[in-house]
Each structure stands twice: as C-alpha cells, then as structure tokens.
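Enquirer: Need the 3D shape of this:
(one chain, ligands or ions: 1)
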Amino acid sequence: MGYKIAVVGATGNVGREMLNILAERQFPVDEIAALASRRSLGTEVSFGDATLKTRDLEQFDFSGWDIALFAIGSDATKEYAPKAAKAGCVVIDNSSLYRYDPDVPLIVPEVNPDAITGHSKKNIIANPNCSTAQMVVALKPLHDRARIKRVVVSTYQSVSGSGKEAIDELWNQTKGMYVPGQEVAPNVYPKQIAFNVIPHIDVFLEDGSTKEEWKMVAETKKIVDPSIKVTATCVRVPVFVGHSEAINIEFEEFLDEDEARDILREAPGIMVVDKREPGGYITPVECVGDFATYISRIRQDSTIENGINLWCVSDNLRKGAALNAVQIAELLGQRVLKKG
Ligand SMILES: NC(=O)c1ccc[n+]([C@@H]2O[C@H](COP(=O)([O-])OP(=O)(O)OC[C@H]3O[C@@H](n4cnc5c(N)ncnc54)[C@H](OP(=O)(O)O)[C@@H]3O)[C@@H](O)[C@H]2O)c1
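Expert: This is a model prediction of the structure:
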C-alpha cells in the first residue's frame, strides 16, 4: 500500500521538479493529483512515463489524501494549506509562510530529521529557503566536529529561484540585447539581469539587509543551532539553474582543511570535487538535475584562528526545494505514516 500524494503548484518550476523526483526516487505512490490555479485547468504535466492533467486547487478536497507537497506563493498557501492540514493531509510547504512558526518544524533531512516529530502540532512541515538548504547540509557535519561560531556567506543565486517568469526574463533579455527593437526592460527584477548581477533578493529590511539574507540567518539557527552567527549577502546572477555560495566559517576549535575535506566526503548529501587545478571544482551548470550538494575550494582561512573557506553549489530547484520536500515526505513515511 502506498500514499495518496497531491502536488500543489504542479505547473511551476518547483512543482514540476517534485513530480520528476517522486518518479525518479520511486516514491510509493498509490494515487497522485497535480494541482494548480484554475488558469492551468487541464494543462498536462509529466510524472515519470505518465501524463497528468492539472486540476483546480480551489475545487480540490484533501480528505483521504496523505501528503500535499505545496509549491505556490505564500498568499495562496495561507488560504489552502490550513484546509489541507485540517482535512488530515500532512502539508510539506515550500513557501516562507510557516518556516519561523515555532509549531512548525523546518527540516533538512540530512541535518535535523528528528524534528519530524513536531509535525503533529499543525500537520504542517516547512521546507527551508533554497540558499539555506544547501548551506546547512555542508555546515552540519563540520559543526558536529569543531563547533561553528560564525558564518560569512555570499550567494550567487540563479533566476529559477524567482519562478518561471524570471527564467523567461533572463532568456528574452539576453536574446534582446543583440536584436535591435527587441530589447526587454526589467520586469521581474528591478535592474537588468542579462550580463549583470543584482545585490538584492526579496524586500529590504530596516537594518539595510534583505529578507533573503535574514532568512539564511534565521533558518540556519532553527535547523542547525541557535548559537551560530550568520551574516549573508545574497546576489542574483544570470544563471538559469543552480545556486553557488562562497562560505567562510569560523570554528571554536581548530579544523584542518584536510580533515574538513574528509568529513565532507563522508557526509550525507554531499559530493566533494576539490582539485587545486583549473576546472577542479563544480560550477552551477554542472549540478543541474543532480541530488547532491557539491563542495569545492576547501581551504584554510589564515586570517582568523580557526577558519575554513569553501565553495558550495547545488540545484536550487532540487536540494533547495523539490528534492528536500520529497526527502521530508520519505522521512514522514518511514517514521510516522509507515505505509508502502
Ligand atoms: N524556485 C526555487 O528555487 C524555490 C526554492 C524554495 C522555495 N520556493 C518557493 O516555492 C513556491 C513556488 O515557486 P516556483 O519557483 O515553482 O514558482 P512558479 O514557477 O512561478 O510556479 C508557481 C506555481 O504556483 C501556482 N499558483 C500560483 N498561485 C496559485 C493559486 N492562487 N492557486 C493555485 N495555484 C497557484 C502556479 O499555478 P499556475 O501555473 O496555474 O499559475 C504554479 O504552478 C514559492 O513559494 C517559492 O517561494 C521556490
């Protein structure tokens, strides 16, 4: 016996990846529903070799369904997630709506799987922000060995993190640069994204940081350890898929770069590619479609007592969203629902 699974936002970037990953990982599915807005009624989406017709979320009754993987914006999530949860269906949500709610666990299965027990308070589990998810997979095994005091991270985030319209904007703006009369003005982003970088993701906060930067701080504390200090600069770059991060970590104890490399090689969800030669590292185009978070450029930071620098790359639609959500569903199945 398997599960009845609803994928909410099935026509979006994350929703389509959720369907792909459920099929790739052979999640024990008895029945699957692809849901989106009424605009997409009847739109076909792939689930392995099958084709599903998208149904209208507004008309859907979640009673009798086991798990709903939500990948729609926070506003629509606010309306529909409580309905699904109330109907007895466990919601695994990709939006930021519930991430900081003390009654909702925020889970990266390689890092804090035991938090799954907290799901019963609201019948909702939150999936972290894409940049946080890949970073904490790398931080956790190092923290267990040498206790992290402080993290300084700069991100290089792909446009797929802003939804399907942003992918079109980069594509059309790039083409338009070379065709007179077909220039594309910024719409999703406040400035040109083609051949440019934008040091601004999500809204500005009072202290001058952005909400995306604040998310990395708050979510790392909730998932790994509240004592870890994080300071982040989040930057959008003209890459379609794959987020990169330059991470500087200060530890309480000394950690040698070779030991750090060995620890990361053994850690779940991580692939180390770290040769000190041209091309001996991973770039975002190489991580697309993979499950792993890639770590390269591991080296001592000799400007502080106990410091390590590293480069972290992952498919933001996978580990940063859809894969992590499916891994949470697997964890829920193994530890709580126990079907299949
Ligand atoms: N992309 C990432 O890397 C990433 C990472 C982590 C979290 N997230 C979060 O995941 C969510 C989805 O992101 P995305 O990148 O997949 O966005 P997207 O490509 O723009 O897709 C949005 C999806 O939500 C559906 N939707 C929107 N409003 C709806 C409504 N009122 N009722 C029903 N369905 C509705 C859309 O359906 P229609 O096609 O019918 O409009 C579409 O399926 C967002 O909350 C985002 O913040 C994204």
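
Enquirer: Check what contacts the helix or strand that residue 167 is a member of and list those residues.
Expert: Using DSSP states H and E, residue 167 sits within helix 164-176. With contact meaning Cβ atoms under 8 Å, 6 or more residues apart in numbering, helix 164-176 is reached by 12-13, 159-160, 182-184, 186-189, 192-195, 238, 240. In short, each C-beta sits where N, CA and C put it, glycine included.

Enquirer: Can you list the buried residues in that helix?
Expert: Within helix 164-176, the residues that qualify as buried are 166-167, 169-170, 173, counting by 16 or more other Cβ atoms under 10 Å.

Enquirer: Any chance of TSV for these, columns distance to the ligand and pLDDT?
Expert: Shown next, in TSV, are these (distance: Cβ to the nearest ligand atom, whole Å; pLDDT from 0 to 100):
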residue	distance to the ligand	pLDDT
166	8	97
167	8	97
169	12	98
170	14	98
173	18	97
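
Enquirer: what ranges do the helices span in the protein?
Expert: 13-24, 74-86, 130-146, 164-176, 211-223, 257-266, 284-287, 323-332 (DSSP state H).

Enquirer: Specify the angle between the last one and helix 130-146 in degrees.
Expert: Read it as helix 323-332. 60 degrees (axes from the mean of the first three to the mean of the last three Cα atoms, to 10 degrees).

Enquirer: Same question for the first one.
Expert: Relative orientation of helix 13-24 and helix 130-146, computed by the same axes, to 10 degrees: 60 degrees.

Enquirer: Helix 13-24 and the ligand, any residue contact?
Expert: Yes: using Cβ under 6 Å from any ligand atom, helix 13-24 comes into contact with the ligand via 13-15.

Enquirer: same question, the last one
Expert: No: counting by Cβ under 6 Å from any ligand atom, the ligand has no neighbours in helix 323-332; the shortest distance is 8.5 Å.

Enquirer: Packing partners of that helix?
Expert: helix 13-24, strand 67-70, strand 90-93 (3 or more Cβ pairs under 8 Å, 6 or more residues apart in numbering; DSSP states H and E).

Enquirer: pLDDT (mean, whole number) over the longest one?
Expert: Computed over helix 13-24, the mean pLDDT rounds to 96.

Enquirer: Which of the residues in it are classified as buried?
Expert: 13-23.

Enquirer: could you dump those to CSV with distance to residue 218?
Expert: Below are those laid out as CSV (distance: Cβ to Cβ, whole Å):
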residue, distance to residue 218
13, 24
14, 21
15, 25
16, 28
17, 25
18, 24
19, 30
20, 30
21, 26
22, 29
23, 33
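
Enquirer: Widest-spaced pair of those?
Expert: The largest separation in those, counting by Cβ to Cβ, is between 13 and 23 at 16.6 Å.

Enquirer: Residue of this structure nearest the ligand, please.
Expert: The ligand sits closest to residue 12 of the chain, with a gap of 2.1 Å, by Cβ to the nearest ligand atom.

Enquirer: Quick check: closest non-adjacent residue to that residue.
Expert: residue 71 (5.7 Å; Cβ to Cβ, 6 or more residues apart in numbering).

Enquirer: Ok, residue 210 next?
Expert: With Cβ to Cβ, 6+ apart, the residue lying closest to residue 210 is residue 202, at 5.3 Å.

Enquirer: check contacts around that neighbour.
Expert: 210-212, 215, 234.

Enquirer: Return a PyMOL selection command for the buried portion of those residues.
Expert: Per 16+ other Cβ under 10 Å, the buried members of the contacts of residue 202 correspond to this PyMOL selection:
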select buried, resi 210+212+215+234
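
Enquirer: Which positions in the stretch 151-300 of the chain make contact with the ligand?
Expert: 160-161, 163-164.

Enquirer: Show me which positions of stretch 257-264 end up buried.
Expert: Here stretch 257-264 shows 257, 260-261, 263-264 as buried, counting by 16+ other Cβ under 10 Å.

Enquirer: quick check, nearest of the residues you listed to residue 132?
Expert: Nearest member of those to residue 132, counting by Cβ to Cβ, is residue 264, at 17.7 Å.

Enquirer: measure the closest one to residue 113 for me?
Expert: 19 Å (Cβ to Cβ, to the nearest Å).

Enquirer: All the strands of the stretch 101-250 of the chain, residue numbers only.
Expert: Taking DSSP state E, counting those that start in this stretch, the strands of the stretch 101-250 of the chain run over residues 124-126, 148-157, 229-236, 243-251.

Enquirer: Just name the most buried of those strands.
Expert: strand 124-126 (a mean of 25; mean count of other Cβ atoms under 10 Å).

Enquirer: Mind checking the pLDDT average for that strand?
Expert: Here the average pLDDT along strand 124-126 is 98.

Enquirer: Residue 329: how many residues sit nearby?
Expert: Residues within reach of residue 329, counting by other Cβ atoms under 10 Å, total 26.
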